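Peer 1: how does the following fold in three dimensions:
(chains A and B)
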Amino acid sequence: MALDDSRKTRQFRIVGTRPDRPDGIDKVTGRARFGADMVAPGMLTGRILRSPHAHARIRRIDTSKAEALAGVKAVVTRADFGDVPDHVADIMENCLAGEKALYDGHAVAAVAAISPAVARQALRLIEVDYEVLPHVTDVDEAMKPDAPVLHEGRQQETVPAGMSGNVISRVEFGHGDIEAGLAKADRVVERTYRTAAVHQGYIEPHACLATMTADGQGDLWVCTQGHYMVRNTCAAILGLDQGQLRVTASEIGGGFGGKTTLFLEPVALMLSKKSGRPIKMVMSRSEVFRASGPTASSSIDVRIGMTREGRITAGFAELRFQGGAWPGAPVGVGAMSGFASYDLENVKTVGWDVVTNRPKAAAYRAPGAPMATFAIESAIDELARGFGLDPLEVRLMNGADEGTKSSYGPTYPAIGLKATLEAAKAHPHWTAPLGKNQGRGVACGFWFNFGGDTSVSLSISPDGTVTLTEGNPDIGGSRAAMTMIAAEELGIPYDQVRTVVADTGSLGQNEVTHGSRVTFSVGLATIKAAEAAKKEMCRRAAMVWGIDEDAVEWEDGAARPAGPNAGKFPPMTLKEIAAIASKTGGPIAGHHEVMAEGAGVSFATHMVDVEVDPETGATKILRYTVFQDAGKAVHPSYVEGQFQGGAVQGIGWALNEEYIYGKDGLLQNAGFLDYRIPVASDLPMIDTVILEIPNPGHPYGVRGVGETSIVPPLAAIANAVSAATGVRMTQLPMSPPRVLAAIQTGG
Amino acid sequence: MSRIHVTTKINGDETEFLCDAEATLLDVLRDELGLTGTKEGCGTGDCGACSVTVDGRLVCSCLMLGAEAEGRQITTIEGMAEGEVLHPLQKKFIEMAALQCGICTPGILVAAKSLLERNPDPSEVEVRYWLAGNLCRCTGYDKIIRAVMDTAADMRRAS
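Peer 2: You can find the predicted model right below:
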């Protein structure tokens, strides 16, 4: 039977059910240990001194008074690190500034002291002589030829001569002839859209506990999405052997991409090396906002043409992203993903990566895609409504399908976009009546999903219970999914498997928990590791029975003679094989190491009803439904949770959240009071519909689900607000003053 | 600087500690007493991750001084289960997948328990407003609200 057929007909025993997560009790009782919850004997408190300027040359740092303060055990500046390899140079610069402070909050020095109070006092005693420089925080301003330039010599050859040095690179994707396509349209919408920088907003601030000895051995406890990445990067910065640095991931209190890089860890290790003591560092919330990664802000021009029947004749978007003080705004993925939901003859996207005096953008859930999608899905909605066409029908007419050459190059295998649109069309939400000042919006969204380096180990204990060891922090229930997959493959009960997230010394390299890769990649490796263990158990049974190992197969948790010629033996269960393992050749384990490929893309359609108060401009979300392709939902509750969480982060991005900078280049809202993420009373229930169009690249059909859910909401809500007010909203957030102004001026 | 001697009751146990005058109750719980189930998400009373009850009243422990605990009865997440028996809210949160990363969970459970003690039959709107001071970035609140309402219904049936 071909893989495709078996995937459609396979009957699962555990996958698709909703068991309790194995780390549940620890997390509801307060026992789970997060980044800041660890202590070590003799540990010191580490604290960072941060730049009060948006852009300044550091002429001199005098740490002598701080060093002389009683209770201060070490002070560290950039000078302690010396030269670092190129591939980690920007990360080093972000962890501690060298010649220039590049944004408000940029780290310039660090201390270790016997108490937080002494550490705070020591920071005040560090004297930094700054030469304040002109700054720029807006992407369009930063691209002007006369803008203050952050870096010399970073501009790439893709950028035409004469542009500001802040413009780092240009990318382009697409096919066909835009102008010819637009000429065939009955109407062309041409607009500029803007989105604000927003923060991932994880509730747990960055934290670590570092120990480093004079002989170059280190131990790190850290809240991160990828402890192997932390190990490799710290080793490169500090000149350590990777094998001498053991990194253990704490439980992680949210990441959403923001914990895929470093901020504190190399500094903590250096403070430990200098002081000879363990160092604990925990960011305050204001440090999290000022100095850890928000996402890029964007300015996007769109031109899309449509016939009056609804066929898109051409689509063009030019995306300008500022990603903070170093290159790397997610404009490439934005440019690749914006039109990915459509089957277009003529499509082109251009992206510009621009630096400004803001904190370095870190990944945020589907980096780059929500902004691009906001602009493009808004323009498509405007065209459809302008012709009086049904926005779902227009998307079905133009939607990508199996065999479509995508806007970013590849031709799609089986995908679920149209299934999500059909489900949306059939859902009662679509035809529910709306009241005064209310509007309904829809939008589609896409994310690539990812595989990457993965290493797992599966050990059979003598009593027949199983430990699965994996190397990806459990950010939202992945232990449950892995436990289910291992139990499914082995044919044993869920509660006989325990999944452990191991330190870097226990397994081969594991890629960061990002790209919606874990359930796909670690799940894939778990299946293969279980297959290896089953093969070995079949071999042991064959040995006991005295038959050829090829004549034994694994079924329902037991080895069985296969076929009529294998002989008649009663099945030998996993428990029985485990019990006699030491007599049949020793311990039994399976492991698998792979650079996982075949992550299937995931599409979603979101539908939202809003009510806009015409007197205040405030928008209330009345009803929200997510339709998304999960390939195969391993634990449907946590799949729903990903859909709901992404949608609500998108609601925050659409309506409230924004980094607000003053003319002085300083961040004005570095706290949860003024940077308002959605709270329970802002929201209705978030309904979900899980579609399952199997991923051809996975034995169960699994697709990653974590990121797609934040891609459609910005546009869906903008389309709903535009429908409710009759005014097209082109700038996020659609905060009450902005909506009110738009209503009053007609846009 | 002399430290302040405080005698208090935490999760039913007589507890004494010494604290600096500026130490918050949250600092004392986490750093002096090792009760790290109470989390610090902001330190400014905006996120609710540090929720505890003081003489039955729901407070952000980051907004109260350790010295103010003198003579009070403090309850933290560590006092919610009785031995190995979970509180119905704790059980329901696991059963209904009302947590993802789990960092806000202790604060939300403490706050939700406090609600149900006052109002055993809250409406959805009442639950949403009561928990409006507890930020969760993972779940979109849907499963949290359902879990609280479901628990309330179970507890009403059981009583």
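
Peer 1: the helix or strand hosting A:Ala720 packs against which elements?
Peer 2: Per DSSP states H and E: A:Ala720 is located in helix A:713-725. Where contact means 3 or more CB pairs under 8 Å, 6 or more residues apart in numbering or on different chains; DSSP states H and E, helix A:713-725 is packed against helix A:369-386, strand A:438-447, strand A:602-612, strand A:619-629, helix A:636-655, helix A:736-745. Any C-beta I mention is one placed from the backbone N, CA and C, and that applies to glycine too.

Peer 1: what's the mean pLDDT across the last one?
Peer 2: Predicted confidence along helix A:736-745 averages 96 (mean pLDDT).

Peer 1: what about the residue most central in space within chain B, which SS state?
Peer 2: Closest to where the C-alpha atoms of chain B average out (CA atoms, centre = their mean) is B:Val110, at 3.0 Å. When classified by DSSP: H, G, I helix; E, B strand; the rest coil, B:Val110 comes out as helix.

Peer 1: quick one, what contacts it?
Peer 2: B:Val110 makes contact with B:Ser51, B:Val52, B:Thr53, B:Leu58, B:Thr75, B:Thr76, B:Ile77, B:Met80, according to CB atoms under 8 Å, 6 or more residues apart in numbering or on different chains.

Peer 1: restrict those residues to those near chain A?
Peer 2: Counting by CB under 8 Å from any CB of the partner chain, B:Thr76, B:Ile77, B:Met80 from these sit close to chain A.

Peer 1: pick out the residue of chain B closest to chain A.
Peer 2: Per CB to the nearest CB, the residue of chain B with the smallest distance to chain A is B:Gly37, at 1.8 Å.

Peer 1: ramachandran coordinates for the nearest residue to that residue once chain neighbours are set aside?
Peer 2: Nearest residue to B:Gly37 in three dimensions, chain neighbours excluded: A:Gly30, at 1.8 Å (CB to CB, 6 or more residues apart in numbering or on different chains). Phi and psi for A:Gly30, reported as degrees, to the nearest 10, are phi 90, psi 0.

Peer 1: how deep is A:Gly30 tucked in, by neighbour count?
Peer 2: Using other CB atoms under 10 Å in any protein chain shown, A:Gly30 has 25 neighbouring residues.

Peer 1: list the residues that contact residue 88.
Peer 2: You didn't say which chain, so I picked chain A. Taking CB under 8 Å, 6+ apart as the contact definition, A:Val88 lies against A:Thr233, A:Ala236, A:Ile237.

Peer 1: that was the other one, I meant chain B.
Peer 2: By CB under 8 Å, 6+ apart, the contact set of B:Pro88 is B:Thr151, B:Asp154, B:Met155.

Peer 1: mind running it again at 10 Å?
Peer 2: Applying CB atoms under 10 Å, 6 or more residues apart in numbering or on different chains to B:Pro88 gives the contacts B:Lys113, B:Leu116, B:Ala147, B:Asp150, B:Thr151, B:Ala152, B:Asp154, B:Met155, B:Ala158.

Peer 1: please name the nearest non-neighbouring residue to it.
Peer 2: In space, and not counting its chain neighbours, B:Pro88 is closest to B:Thr151: 5.0 Å by CB to CB, 6+ apart.

Peer 1: secondary structure class for A:Arg320?
Peer 2: Here A:Arg320 is recorded as strand under three-state DSSP.

Peer 1: quickly list what it is bridged to.
Peer 2: With DSSP bridges applied, A:Arg320 shows beta-bridge pairing to A:Ser299, A:Trp352.

Peer 1: isn't it up against A:Val350?
Peer 2: Yes: using CB atoms under 10 Å, A:Arg320 makes contact with A:Val350 at a distance of 9.3 Å.

Peer 1: chain B contacts on the stretch 101-250 of chain A?
Peer 2: Taking CB under 10 Å from any CB of the partner chain, the part of the stretch 101-250 of chain A that reaches chain B is made up of A:Ser115, A:Pro116, A:Ala117, A:His199, A:Gln200, A:Gly201, A:Tyr202, A:Ile203, A:Glu204, A:Pro205, A:Ala207, A:Cys223.

Peer 1: reformat these as a markdown table; add pLDDT, neighbour count and secondary structure.
Peer 2: Converted to a markdown table, these look like this (pLDDT from 0 to 100; neighbours: other CB atoms under 10 Å in any protein chain shown; DSSP: H, G, I helix; E, B strand; the rest coil):
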| residue | pLDDT | neighbour count | secondary structure |
| --- | --- | --- | --- |
| A:Ser115 | 96 | 13 | coil |
| A:Pro116 | 95 | 18 | helix |
| A:Ala117 | 94 | 15 | helix |
| A:His199 | 98 | 25 | strand |
| A:Gln200 | 98 | 23 | coil |
| A:Gly201 | 98 | 23 | coil |
| A:Tyr202 | 98 | 24 | coil |
| A:Ile203 | 98 | 29 | coil |
| A:Glu204 | 98 | 29 | coil |
| A:Pro205 | 98 | 26 | coil |
| A:Ala207 | 98 | 23 | strand |
| A:Cys223 | 98 | 29 | coil |
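
Peer 1: pick out whichever of these sits closest to A:Gly399.
Peer 2: Nearest to A:Gly399 out of those is A:Gln200 (CB to CB; 30.2 Å).

Peer 1: spatially nearest residue to the closest one (excluding sequence neighbours)?
Peer 2: Using CB to CB, 6+ apart and skipping the chain neighbours, the partner closest in space to A:Gln200 is A:Gly258 (3.6 Å).

Peer 1: just list the residues touching the one you found, thanks.
Peer 2: By CB under 10 Å, 6+ apart, A:Gly258 lies in contact with A:199-202, A:206, A:225, A:288, A:292-295, A:361-365.

Peer 1: which pLDDT does the model give it?
Peer 2: Note for A:Gly258: predicted pLDDT of 98.

Peer 1: thinking again about what came up before, and the residue nearest to B:Pro88, helix, strand or coil?
Peer 2: State at B:Thr151, reduced to three classes by three-state DSSP: helix.

Peer 1: now the helices for chain B?
Peer 2: With helices called from DSSP state H, chain B shows them at B:25-27, B:88-95, B:105-118, B:124-130, B:142-158.

Peer 1: packing partners of the shortest one?
Peer 2: Where contact means 3 or more CB pairs under 10 Å, 6 or more residues apart in numbering or on different chains; DSSP states H and E, helix B:25-27 is packed against strand B:4-10, strand B:51-54, strand B:57-60.

Peer 1: now the longest one: average pLDDT?
Peer 2: Mean pLDDT, strand B:4-10: 98.

Peer 1: would you mark the buried spots in it?
Peer 2: B:Val6, B:Thr8, B:Ile10 (16 or more other CB atoms under 10 Å in any protein chain shown).

Peer 1: can you list those residues in JSON lines and add distance to A:Leu182?
Peer 2: Below are these laid out as JSON lines (distance: CB to CB, whole Å):
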{"residue": "B:Val6", "distance to A:Leu182": "73"}
{"residue": "B:Thr8", "distance to A:Leu182": "73"}
{"residue": "B:Ile10", "distance to A:Leu182": "70"}
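
Peer 1: how is the chain divided into domains?
Peer 2: Because you didn't say which chain, this covers chain A. Structurally, chain A divides into domains by automatic domain parsing as follows: A:3-30+A:451-596, A:38-133+A:204-253+A:259-291, A:297-449+A:600-745.

Peer 1: other chain: chain B
Peer 2: Taken from automatic domain parsing, chain B resolves into B:4-79, B:88-158.

Peer 1: most packed of these?
Peer 2: domain B:88-158 (a mean of 22; mean count of other CB atoms under 10 Å in any protein chain shown).

Peer 1: I appreciate the help and will end here.
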